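S.K.: here is a sequence together with a model predicted from it:
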Amino acid sequence: MTKISIELKHVSKRYQPASSLFKRKTSSPLVLKDINLMIPTGEFHVFLGQSGCGKSTLLNIIAGFLPKTGGEVLVNGSEVTEPGSDRGVVFQNADAAIFPWLTVEENVGYGLKMQHVSDKDRKPVVERSLNLVGLEEHADKYPYELSGGMKQRVQIARSIANDPSILILDEPFGALDAQTRRTMQNELIDIWQKTGKTILFVTHDIQEAAYLGQKISIFSRSPESHIAITIPVDRPYPRNVYSSENEQLVNTLNQYFEVGGPVK
Ligand SMILES: Nc1ncnc2c1ncn2[C@@H]1O[C@H](COP(=O)(O)OP(=O)(O)OP(=O)(O)O)[C@@H](O)[C@H]1O
């Protein structure tokens, strides 16, 4: 039987309006409404949607950083109430996520150190994680000595060092140039295939979604966003972006993306 990594049942989210903290109560719209999804263990699942539709909100709820307003979020069968070591998160802004005063190696081993893993036990895990992202030659460098792509590799290696079963990536390659972006996408596919982790990947780039996703969930427009459709993509990796299959997929994604729902 297929194991389920993440289960979302009727998930909704409404942010508390700042004005209600001070003045009369005003109600803000639901950002997410009735999100339902089952993500099997080991799946590469892409969330695609226009800016502001609630992609980051949903990832933050799954990561345990944000409370939901309604519904259920189950990770490996347990209700999410807080962040946990079963979920590693990679943010778009690496500069805000990695510590500038620590070397690459120290950044990657930071989570393990916080869990009181000894230097001796930490070393091979950090080395393995650095190898996986190709940073072994740069272990002693500080973040200011790294390129944007290398900083994202540090974030990914740091997550992997904690051995989460789920890797959550929120537009991780959004700030990179096209060539570095493609390299990083290929590396992520490689890491996913080597580790078998469940991957949740947010993007608003249709080509990126088509290149990466085993399944692609497209959000409807805000407010009250829901998942308009989940499209399975049964194509081997690495994907040929010049094939007619790719063109067809990109067209379909584009149509849903533009209108946030099925094309009438
Ligand atoms: N802390 C917050 N308080 C109030 N509203 C918020 C908060 N964070 C996000 N929102 C609102 O929730 C909606 C969804 O935001 P979210 O960042 O999840 O969208 P997104 O799809 O990830 O957008 P983008 O692709 O631009 O990053 C937006 O209308 C946003 O203004």
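M.R.: Alright, I've got the coordinates.
S.K.: from now on I want contacts and neighbour counts done on CA atoms only, so please keep to that.
M.R.: Noted.
S.K.: any idea which helix or strand comes after the worst-scoring helix or strand of the chain on mean pLDDT?
M.R.: For the chain, counting by mean pLDDT, DSSP states H and E, helix 18-22 ranks last in confidence among helices and strands (a mean of 61). Counting by DSSP states H and E, the next helix or strand C-terminal to helix 18-22 is strand 32-40.
S.K.: so that following strand, near the ligand or not?
M.R.: No - counting by CA under 6 Å from any ligand atom, the ligand has no neighbours in strand 32-40; the shortest distance is 8.0 Å.
S.K.: distance between that strand and the chain's centre?
M.R.: 15 Å (CA atoms, centre = their mean, to the nearest Å).
S.K.: so which elements touch that strand?
M.R.: Judged by 3 or more CA pairs under 8 Å, 6 or more residues apart in numbering; DSSP states H and E, strand 32-40 is in contact with strand 4-13.
S.K.: now do the strand it packs on and strand 32-40, the angle between them.
M.R.: Strand 4-13 and strand 32-40 meet at an angle of 180 degrees, taking axes from the mean of the first three to the mean of the last three CA atoms, to 10 degrees as the criterion.
S.K.: how many residues are close by residue 179?
M.R.: Using other CA atoms under 10 Å, residue 179 has 9 neighbouring residues.
S.K.: can you tell me the SS state at it?
M.R.: Classification of residue 179 by DSSP: H, G, I helix; E, B strand; the rest coil places it in helix.
S.K.: can you give me the helices in the stretch 51-200 of the chain?
M.R.: 55-63, 94-97, 104-114, 119-132, 148-161, 178-195 (DSSP state H, counting those that start in this stretch).
S.K.: list phi and psi for residue 28.
M.R.: Taking degrees, to the nearest 10, you get phi -100, psi 160 for the backbone angles of residue 28.
S.K.: roughly how far does the residue lying closest to residue 225 once chain neighbours are set aside sit from residue 157?
M.R.: Spatial nearest neighbour of residue 225, excluding adjacent residues (CA to CA, 6 or more residues apart in numbering): residue 32 at 4.8 Å. As judged by CA to CA, to the nearest Å, residue 32 and residue 157 stand 31 Å apart.
S.K.: just residue 101 next, same as before
M.R.: From residue 101 over to residue 157 the distance is 17 Å, taken as CA to CA.
S.K.: okay, domains of the chain per the record?
M.R.: The chain breaks down by the TED database into domains covering 30-86+164-174+184-263, 98-163.
S.K.: tell me the pLDDT at the residue of the stretch 151-264 of the chain found nearest the ligand?
M.R.: Residue nearest to the ligand within the stretch 151-264 of the chain (CA to the nearest ligand atom): residue 204, separated by 6.0 Å. We have a pLDDT of 91 for residue 204.
S.K.: what number of residues lie near it?
M.R.: By other CA under 10 Å, 18 other residues sit near residue 204.
S.K.: pretty sure it sits against residue 49.
M.R.: Yes - using CA atoms under 8 Å, residue 204 is in contact with residue 49, at 5.3 Å.
S.K.: please name the bridge partners of the residue sitting nearest the centre point of the chain.
M.R.: In the chain, the centroid-proximal residue (CA atoms, centre = their mean) is residue 169; its distance is 2.1 Å. Per DSSP bridges, the residues bridged to residue 169 are residue 90, residue 201.
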